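Trainee: Fold the following and give me the result.
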Amino acid sequence: MTTNHFFNSLISIVADLSTHLSAEQRYQRLLAHWVKNFPCDASALLKFENQCLIPLAVNGLSEDTLGRRFVVNEHPRLALILASDQSVRFAADSDLPDPYDGLIESEGDQLMVHDCMGVTLFIDGMPWGVLTLDALTPGTFDHIDPLQLNSFISLTAATVKAAELIATLEQRVRYVTLALSKEHSGQEMIGDSEGLQQLRNEIAIVAPSDLAVLILGETGVGKELVAQRIHQESSRADQVMVYVNCAALPESIAESELFGHSKGAFSGAISDRSGKFELADGGSLFLDEIGELPLSIQAKLLRTLQNGEIQRVGSDRQIKVNVRIIAATNRNLQEEVAAGVFRPDLYHRLAVYPLHVPALRERGKDILLLAGAFLEKNQQRLGIKKLRLDKAAKSALLAYPWPGNIRELEHLISRAALKSASPKNRQADVITISLAHLDILPQMAAQPDNLAVAPTSPPLPIDFKNTVEAFQRQLIQAQLDSQQGNKAAAAKMLGMDRGNFHRLLKRLDM
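Mentor: Residues are numbered from 1 along each chain as shown. Prediction:
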């Protein structure tokens, strides 16, 4: 690399700071400058959070890499890089597993890394993350100029610091009145699709308020995760969020579960007991599957939402509670109201700020990012070095309509991981998941957007309701057959609550 070329690259990096870019675009351009000046087959910029390295930008690596979370103590090369304040290079014959083996994009089969180096980026004396460079040819990095490398490392750290400051300032300008809490550890909302970005924006707007939120979406889309995110970004983040599955509450005990009871209120009430509202006092109460709540309990819930007071079963005393309500349902509550099975006044109390969670089939390549996260999780669970998807498997995942959404994808990847990791190849450096390992119904993978036979000419009107029900019957029957008629197992495979599954069977007259 000539001196002029090197300095032109440095000038370009600095110039990018004055350009209006998203954080993702800024990091990707930064990585492109690295690849241009230090040629390699793959590179990645990863941020260190909660003992994991999270990919923010990749070049030359499989798309699902962005969905992976590399636990540092499970990846010795990354751990060595992060522990050093100098660039670290690994010998071509190093016996330490490379975290990217099998993840480099290629037309052929899996490609293995043979030259690997990485640097830790420090911001204000603390490790912010790492940048890695990988090559398939040994000796690729033999002639790197140490002075130019260190200059790039310093400028990269400065750029990352500036990028984070810019992102922080942009957020403050946009949400100047919002006090967003620091995100708690745990599951995250993985994906970059437009629908998910819109959902994140809506959460950021409503979370700091105390408005009731109604989360709408199909089974398995991650409504509980959205509820957690709302709580974590609220002023109540340091308080508890209590979870209630309304579908699992028998009417006989629902009132006691929600509002508590006094000693002697009924047979078996041997002591006073706090209900979920009291337990959630000062925090949030997540009412999952709110559409399943019996009408008699709906009336009592409405009174509590109106006056902020509860009354234990068997007691005349009113107890004040300060609770933020977050509810969720996979039902169309407006239709339920019209049918007389859900109170309209309660619906309007809950739906102050409705949030729609997009179905997985609407999220495009988020499917591969989520698959990457689940692959990484199964690697750890099964003690496998590396799991990857081949091209046919990726195409099938993208083509499949995902009636069970994210939950179905997680279960599918888990099963595929088990099938591919047979005893004879479990110790392999890379295990590839092929289409044969994915138990996707062929007709559904081949025709993701067609739930009925294509109309002939002249076109006839489609009976939408009956077509959808026919599709549901086909899907359910296929799972029942595969589970030898076991309804509980079929419900699990479809990512459905057993109660909901049995009600669906009844409605479909199966």
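Trainee: The closest residue to Val71 other than its chain neighbours pairs with what?
Mentor: Sequence neighbours aside, Cys52 is the residue nearest to Val71 in space, at 5.5 Å (criterion: CB to CB, 6 or more residues apart in numbering). Bear in mind the C-beta positions are built from the backbone N, C-alpha and C, glycine included. Under DSSP bridges, the beta-bridge partners of Cys52 are Glu49, Val71.
Trainee: Contacts only, for Cys52.
Mentor: Residues near Cys52 by CB atoms under 8 Å, 6 or more residues apart in numbering: 69-72.
Trainee: neighbour-wise, which of those leads?
Mentor: Neighbours here mean other CB atoms under 10 Å. Within the contacts of Cys52, the largest count is held by Phe70, at 22 neighbours.
Trainee: okay, now the domains of this structure?
Mentor: 3-172, 194-356, 363-448, 450-510 (automatic domain parsing).
Trainee: Need the ones you listed in a markdown table (columns: distance to Glu188).
Mentor: Shown next, in a markdown table, are the domains of the chain (distance: least, CB to CB, whole Å):
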| stretch | distance to Glu188 |
| --- | --- |
| domain 3-172 | 8 |
| domain 194-356 | 8 |
| domain 363-448 | 9 |
| domain 450-510 | 20 |
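Trainee: Make a markdown table from those and add mean pLDDT to it.
Mentor: A markdown table is the format used below for those (pLDDT from 0 to 100):
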| stretch | mean pLDDT |
| --- | --- |
| domain 3-172 | 82 |
| domain 194-356 | 90 |
| domain 363-448 | 85 |
| domain 450-510 | 70 |
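Trainee: Tell me where the stretch 101-250 of the chain has strands.
Mentor: Secondary structure of the stretch 101-250 of the chain (DSSP state E, counting those that start in this stretch): strands located at 115-123, 126-135, 213-216, 241-245.
Trainee: before we move on, what about the stretch 401-510 of the chain?
Mentor: Counting by DSSP E, counting those that start in this stretch, the strands of the stretch 401-510 of the chain are 431-433.
Trainee: so where's the longest helix in the chain?
Mentor: helix 146-174 (DSSP state H).
Trainee: Now find how far off-centre it is within its chain.
Mentor: On the basis of CA atoms, centre = their mean, to the nearest Å, helix 146-174 is displaced by 27 Å from the centre of the chain it belongs to.
Trainee: Packing partners of it?
Mentor: helix 3-16, helix 23-37, strand 115-123, strand 126-135 (3 or more CB pairs under 8 Å, 6 or more residues apart in numbering; DSSP states H and E).
Trainee: try 7 Å this time
Mentor: For helix 146-174, the elements it packs on are helix 3-16, helix 23-37, strand 115-123, judged by 3 or more CB pairs under 7 Å, 6 or more residues apart in numbering; DSSP states H and E.
Trainee: Flag every buried residue along it.
Mentor: Residues of helix 146-174 classed as buried by neighbour count (16 or more other CB atoms under 10 Å): 148-149, 152-153, 155-157, 159-160, 163.
Trainee: Stretch 310-324 now?
Mentor: Buried, per 16+ other CB under 10 Å, within stretch 310-324: 310-313, 315, 319, 321, 323-324.
Trainee: and of these, the nearest to Phe90?
Mentor: Within the buried residues of stretch 310-324, the smallest distance to Phe90 is 50.1 Å, found for Arg324 (CB to CB).
Trainee: In space, what's closest to that closest one - neighbours in sequence excluded?
Mentor: Ser284 (4.5 Å).
Trainee: Stretch 205-223 spans what distance, first to last residue?
Mentor: Chord length of stretch 205-223, first to last residue, is 17 Å (CA to CA, to the nearest Å).
Trainee: oh sorry, the question was meant for stretch 318-327
Mentor: Stretch 318-327: ends 24 Å apart by CA to CA.
Trainee: Contacts for that stretch, please.
Mentor: 210, 212-215, 227, 230-231, 234, 236, 277-278, 280-282, 284-287, 290, 305, 308-311, 350 (CB atoms under 7 Å, 6 or more residues apart in numbering).
Trainee: Surely Ser84 touches Thr120?
Mentor: Yes: counting by CB atoms under 7 Å, Thr120 is a contact partner of Ser84 at 6.3 Å.
Trainee: between those two, which one's more packed in?
Mentor: Each of Ser84 and Thr120 has its neighbours counted (other CB under 10 Å); Thr120 has more, 22 against 14.
Trainee: Pull the contacting residues for the more buried one.
Mentor: 81-82, 84-85, 127, 130.
Trainee: Gly260 versus Ile253, what's the distance?
Mentor: To Gly260, Ile253 is 11 Å away according to CB to CB, to the nearest Å.
Trainee: Between the two, point out the one with more neighbours.
Mentor: Gly260 (23 against 13).
Trainee: Give me the distance between the residue nearest to the more buried one when sequence neighbours are not counted and Val313.
Mentor: Leaving aside its chain neighbours, Gly260 sits nearest to Gly275 (3.4 Å; criterion: CB to CB, 6+ apart). Using CB to CB, one obtains 8 Å as the distance from Gly275 to Val313.
Trainee: what is in contact with the two at once?
Mentor: With CB under 7 Å, 6+ apart as the test, Gly275 and Val313 both reach 256, 259.
Trainee: For stretch 341-355, C-alpha coordinates in PDB please.
Mentor: In PDB, the C-alpha atoms belonging to stretch 341-355 read as follows (Å, rounded to 0.1, in the frame of the first residue of the first chain):
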ATOM      1  CA  VAL A 341     -67.000 -12.200  24.200                       C
ATOM      2  CA  PHE A 342     -64.800  -9.300  25.100                       C
ATOM      3  CA  ARG A 343     -66.000  -6.100  26.900                       C
ATOM      4  CA  PRO A 344     -65.700  -3.000  24.700                       C
ATOM      5  CA  ASP A 345     -64.900  -0.700  27.700                       C
ATOM      6  CA  LEU A 346     -62.100  -3.000  28.700                       C
ATOM      7  CA  TYR A 347     -60.800  -3.100  25.200                       C
ATOM      8  CA  HIS A 348     -60.600   0.700  25.000                       C
ATOM      9  CA  ARG A 349     -58.800   0.800  28.400                       C
ATOM     10  CA  LEU A 350     -56.200  -1.700  27.200                       C
ATOM     11  CA  ALA A 351     -55.700  -0.400  23.600                       C
ATOM     12  CA  VAL A 352     -54.600   3.100  24.600                       C
ATOM     13  CA  TYR A 353     -51.400   2.400  22.500                       C
ATOM     14  CA  PRO A 354     -51.700  -0.700  20.300                       C
ATOM     15  CA  LEU A 355     -48.500  -2.200  18.900                       C
END
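Trainee: Going by neighbour count, which residues of that stretch are buried?
Mentor: 342-343, 346-347, 349-351, 353, 355.
Trainee: what separates that stretch from the chain centre, distance-wise?
Mentor: 27 Å.
Trainee: Please apply the same query to stretch 241-260.
Mentor: The chain centroid and the centroid of stretch 241-260 are separated by 27 Å under CA atoms, centre = their mean.
Trainee: try stretch 365-381
Mentor: 10 Å.
Trainee: contacts for that stretch?
Mentor: With CB under 7 Å, 6+ apart, stretch 365-381 has contacts from 63-69, 71, 74, 190-193, 196, 360, 386-387, 389, 394, 397-398, 406, 409-410, 413-414, 417.
Trainee: cool, and stretch 285-304?
Mentor: 224, 227, 241-247, 251, 254-255, 258-259, 276-277, 310, 323, 325-329, 331, 333, 336, 342-343, 345-346, 349-350, 497.
Trainee: Name only those of those residues that count as buried.
Mentor: Buried among the contacts of stretch 285-304 (16+ other CB under 10 Å): 224, 227, 241-244, 246-247, 254-255, 258-259, 276-277, 310, 323, 325-329, 333, 336, 342-343, 346, 349-350, 497.
Trainee: Okay, and which of the residues you listed map to helices?
Mentor: Filtering the buried ones among the contacts of stretch 285-304 for helices - DSSP H - leaves 224, 227, 254-255, 258-259, 276-277, 333, 336, 346, 349-350.
Trainee: Just name the closest of the residues you listed to Ala42, please.
Mentor: Using CB to CB, these come closest to Ala42 at Glu224, 35.3 Å.
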